[in-house]
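Colleague: sequence? don't have it. structure:
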Ligand code: SF4
Ligand code: SF4
């Protein structure tokens, strides 16, 4: 243990050398049970990521984040800027969920589900291995002069990366402007839509830069989630961890020697083979403990298990475990902190579901026309209003009639009945005329009903202005 405590821990990130230069990582290709599982999970998630904007439910895109036209579809449900409160609750929910999840399972999301990891490790890195070979060959290629082999491999790699980035950009654009538009642009030909092509190329270059050069730096220095680990993790959080009790023994790790009895000499099970470091895509040594660079990709678990199998030791020297599990043998417990987080999460989920369930399909806003005063006749007062109707459903709403509920009076719709197309917005003007004897004050609150085909579909309220002294 002494050796572990006296270790000189670095005070800079693993991908920067002492002079401040980028230390480019050439991780060894992982292989093993967890890497296979991660590959299957990545295929599934990649399929969802790519297909989500092309799947339609009731004619709505499954996922759409059209910030330009302020149209949002989540799981096929259309959301409008008027549903902003639902978005706020969803965001709050996501934050609590992330905290709860991270407190218990550490950065499992980063290794298994994060799009950055999936694209980097399961798409671009695999293409790189295919073209340039494994770690040793990549390092050799990097060091060698620009001969025919290097030029050919690099051009092939850069072109492949560019094409993949271009495909990702198209999918990304489908999330923003809608898949129908993207498919239309493709069928019309790229040159017919030059501005879209320029945007696509900008996105492509951004993705290319991230996956060809910036890589793990996204997780280490850009991603806010990674930075949160320090405050979210505790000794009970499950992480990819090195069992230093077993690995270091009483006298530390040591290379394997044939005729030595490690147990008698007090050495741990770590044979200092460096395989866990060589496979790490963020260039760290997990034996130095939990570090902010670790994305919990499990590559070091597979690498170490492979070594353990070969030397006949038990697997799991590096495994998913908490500090308390490793140090004190304590298994996972549902702590009061977890209980509090779970309660908050349950309440928020309930509120969100209730709000989505009670959400109106039609939203009506009736406001007095700015700058207009009321008109007075002998027996009545008249005000002019603008009306805005939003149809959030996937069916047209026809023959909309607007009626007074709280007062007797007349509503005159300019241009007759309104029809609002599915997921459409319609604006119009209307006059409300009320008999003076039915008004009690100069600023009366009116309750108004919106009817379609004789059925009340929404109620709203507005103010009705009149003279200070009525009658
Ligand atoms: S792979 Fe396992 S045995 Fe080899 S250095 Fe890492 S922890 Fe030690
Ligand atoms: S330390 Fe292990 S789990 Fe963490 S990033 Fe490196 S290889 Fe992946």
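Modeller: Right, received. Where do you want to start? Because the structure is predicted, anything quoted here is derived from the model rather than measured. Ligands and ions are numbered 1, 2, ... in the order given.

Colleague: Please name the nearest non-neighbouring residue to the residue of the stretch 351-471 of the chain found nearest ligand 1.
Modeller: Residue of the stretch 351-471 of the chain nearest ligand 1, by C-beta to the nearest ligand atom: residue 352 (43.7 Å). For glycine as for every other residue, the C-beta is placed from the backbone atoms N, C-alpha and C. Spatial nearest neighbour of residue 352, chain neighbours left out: residue 89 (4.9 Å); criterion: C-beta to C-beta, 6 or more residues apart in numbering.

Colleague: The residue of the stretch 351-471 of the chain closest to ligand 1 belongs to a helix, doesn't it?
Modeller: Yes - Residue 352: assigned to a helix according to DSSP: H, G, I helix; E, B strand; the rest coil.

Colleague: if we can go back for a sec, burial measure for the residue nearest to residue 352, as a count.
Modeller: 17 (other C-beta atoms under 10 Å).

Colleague: mind listing what it touches?
Modeller: For residue 89, the contact set (C-beta atoms under 8 Å, 6 or more residues apart in numbering) comprises 348, 351, 352, 355.

Colleague: Could you rerun that using 10 Å?
Modeller: With contact set as C-beta atoms under 10 Å, 6 or more residues apart in numbering, residue 89 has these partners: 348, 349, 351, 352, 353, 355, 356.

Colleague: Now do the same for the first one: its pLDDT.
Modeller: Confidence at residue 348, expressed as pLDDT, is 81.

Colleague: And what about it, helix, strand or coil?
Modeller: Recorded secondary structure, residue 348: helix (three-state DSSP).

Colleague: where's the residue nearest to it when sequence neighbours are not counted, which helix or strand?
Modeller: Taking C-beta to C-beta, 6+ apart, and ignoring the residues beside it in sequence, residue 348 has residue 93 as its nearest neighbour in space, at 4.7 Å. Using DSSP states H and E, residue 93 sits in helix 84-105.

Colleague: Neighbours of residue 62, how many?
Modeller: Neighbours of residue 62 (other C-beta under 10 Å): 18.

Colleague: If I follow the layout properly, it ends up in contact with residue 76?
Modeller: Yes - shown here, residue 62 and residue 76 form a contact pair, counting by C-beta atoms under 10 Å, at 5.4 Å.

Colleague: Give me the common contacts of these two.
Modeller: Common neighbours of residue 62 and residue 76, using C-beta under 10 Å, 6+ apart, are 55, 56.

Colleague: hmm, stretch 315-332 in reach of ligand 2?
Modeller: No - using C-beta under 6 Å from any ligand atom, we find that stretch 315-332 stays clear of ligand 2, coming within 7.1 Å at best.

Colleague: Tell me the secondary structure of residue 426, please.
Modeller: strand.

Colleague: Might you report the residue contacts of it?
Modeller: 387, 388, 389, 390, 391, 397, 400, 418, 419, 420.

Colleague: For the third one, grab the count of nearby residues.
Modeller: Spelled out, it's residue 389. Residues near residue 389, counting by other C-beta under 10 Å, number 25.

Colleague: go on, the second one?
Modeller: As a burial measure, the neighbour count of residue 388 was computed by other C-beta under 10 Å and equals 14.

Colleague: got it, and the fourth one?
Modeller: Residue crowding around residue 390 was assessed by other C-beta under 10 Å; the count is 22.

Colleague: For it, name its beta-bridge partners.
Modeller: residue 363, residue 425 (DSSP bridges).

Colleague: So for it, what's the pLDDT?
Modeller: So, for residue 390, pLDDT stands at 88.

Colleague: For the nearest residue to residue 277 once chain neighbours are set aside, report the pLDDT, please.
Modeller: Distances taken as C-beta to C-beta, 6+ apart place residue 285 nearest to residue 277, at 4.8 Å, with adjacent residues excluded. Listed pLDDT for residue 285 reads 95.

Colleague: How is residue 330 assigned, secondary-structure-wise?
Modeller: Secondary structure, three-state DSSP: residue 330 is coil.

Colleague: Provide a list of residues in contact with it.
Modeller: Contact analysis of residue 330 by C-beta under 10 Å, 6+ apart lists 235, 236, 322, 323, 324.

Colleague: Name the SS class of the residue nearest to residue 192 when sequence neighbours are not counted, please.
Modeller: In space, and not counting its chain neighbours, residue 192 is closest to residue 185: 7.7 Å by C-beta to C-beta, 6+ apart. Secondary structure assignment for residue 185 (three-state DSSP): helix.

Colleague: any idea how far residue 235 lies from residue 96?
Modeller: Going from residue 235 to residue 96 by C-beta to C-beta, to the nearest Å gives 22 Å.

Colleague: same thing with residue 379?
Modeller: Distance, residue 379 to residue 96, by C-beta to C-beta: 59 Å.

Colleague: got it, and residue 302?
Modeller: Taking C-beta to C-beta, one finds residue 302 at 32 Å from residue 96.

Colleague: hang on, the earlier thing: so what's the residue nearest to residue 192 up against?
Modeller: 170, 173, 177, 192, 193, 196, 197, 200.

Colleague: List only buried entries from those residues.
Modeller: With burial judged by 16 or more other C-beta atoms under 10 Å, the buried subset of the contacts of residue 185 is 170, 173, 177, 193, 196, 200.

Colleague: Which of those residues sits closest to ligand 2?
Modeller: residue 170 (30.1 Å).

Colleague: The closest one reaches residue 186, doesn't it?
Modeller: Yes - contact criterion C-beta under 10 Å: residue 170 and residue 186 qualify, at 7.8 Å.

Colleague: ok so, going back, name the member of the contacts of residue 330 with the most neighbours.
Modeller: Those, ranked by neighbours (other C-beta under 10 Å): first place residue 322, 22 neighbours.

Colleague: Please identify the residue most distant from the middle of this protein.
Modeller: residue 378 (62.1 Å; C-alpha atoms, centre = their mean).

Colleague: OK, contacts around that residue?
Modeller: residue 436.

Colleague: Which strands and helices lie in contact with the helix or strand harbouring residue 65?
Modeller: Residue 65 belongs to strand 63-66 when assigned by DSSP H and E. Under the contact criterion of 3 or more C-beta pairs under 10 Å, 6 or more residues apart in numbering; DSSP states H and E, strand 63-66 touches helix 33-51, strand 71-74, strand 77-79, helix 148-177, helix 179-188.
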